[in-house]
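*Asks:* no sequence for this one, just the structure:
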């Protein structure tokens, strides 16, 4: 009885493990079919089984295209059948993807984050007027809030104005806007209220546990 055991080390490597050993065996059998028509029918039947195993892909664009590509990959590109889509090649699969562009960083003022720079870039594109001035002031207040999260002591408004000028390459300025930045206490008030509420909730939860 033990002579029929098959060890993984003796099996062919699973090319797409998600589909399991049986699908790969079906594909390997399809490769050996000499009749072209029967081979095509077998390939379509395998595609149907693969689709039933991946129901979450039915809403994905080009669902069938992906299944056919996976079928050829499982066959190690040896399956000769008529596909409704261009047949992929081993060379195409082995190609290295283009490197992803890393987000631009500003290590000099990392406490502001990248979103501030994006907001500044959008504000620069706007035409001069009340809307641009209002957005510039909003950005400056948000910068001040980010600064206070990093340095909780104090920040002079002139520091924020200087940083805004640097990050915008001198294209945004608060010098001509007759509005002061928000007080530090107003900017951090919400955060302190949240901490206080969270602390009160923990204390209430702790007291309830003691009563039990």
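*Replies:* Ah, there it is. All values reported here derive from a predicted model rather than from experimental measurement.
*Asks:* Give the buried residues for the helix or strand that contains residue 131.
*Replies:* Using DSSP states H and E, residue 131 sits within helix 130-150. Using 16 or more other C-beta atoms under 10 Å as the test for burial, helix 130-150 gives 132-133, 135-137, 139-148. Yep, even glycine has a C-beta here, placed from its N, CA and C like the rest.
*Asks:* got a list of contacts for that helix?
*Replies:* The contact list for helix 130-150 (C-beta atoms under 8 Å, 6 or more residues apart in numbering) reads 111-113, 116, 119-120, 122-123, 126, 155, 157, 159-161, 163-164, 172-174, 177, 179, 181-182, 184, 187-188, 191.
*Asks:* likewise stretch 71-91?
*Replies:* Residues outside stretch 71-91 that contact it (C-beta under 8 Å, 6+ apart): 15-16, 19, 23-24, 27-28, 30-31, 36, 39-40, 43, 46-47, 50, 64-65, 68-69, 93.
*Asks:* One more: stretch 34-47?
*Replies:* By C-beta under 8 Å, 6+ apart, the list of residues contacting stretch 34-47 reads 23, 26-27, 29-30, 33, 64, 67-68, 71, 79-83.
*Asks:* out of those residues, which are buried?
*Replies:* Among those, those classed as buried by neighbour count (16+ other C-beta under 10 Å) are 23, 26, 27, 30, 33, 67, 68, 71, 79, 80, 81, 83.
*Asks:* which two in those residues are spaced the farthest apart?
*Replies:* Largest separation among those by C-beta to C-beta: 33 and 67, giving 19.2 Å.
*Asks:* list the buried ones in the next helix or strand after the helix holding residue 131?
*Replies:* Counting by DSSP H and E, the next helix or strand C-terminal to helix 130-150 is helix 157-167. Using 16+ other C-beta under 10 Å as the test for burial, helix 157-167 gives 160, 161, 163, 164, 167.
*Asks:* now those residues as a markdown table including pLDDT?
*Replies:* Listed next are these as a markdown table, based on pLDDT from 0 to 100:
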| residue | pLDDT |
| --- | --- |
| 160 | 89 |
| 161 | 89 |
| 163 | 91 |
| 164 | 91 |
| 167 | 89 |
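*Asks:* Please name the nearest non-neighbouring residue to residue 26.
*Replies:* Spatial nearest neighbour of residue 26, chain neighbours left out: residue 46 (5.2 Å); criterion: C-beta to C-beta, 6 or more residues apart in numbering.
*Asks:* So what's the residue count around the one you found?
*Replies:* Using other C-beta atoms under 10 Å, residue 46 is surrounded by 22 other residues.
*Asks:* Could you point out the helix or strand that follows the strand or helix carrying it?
*Replies:* Element membership of residue 46, judged by DSSP H and E, is helix 36-53. Counting by DSSP H and E, the next helix or strand C-terminal to helix 36-53 is helix 63-74.
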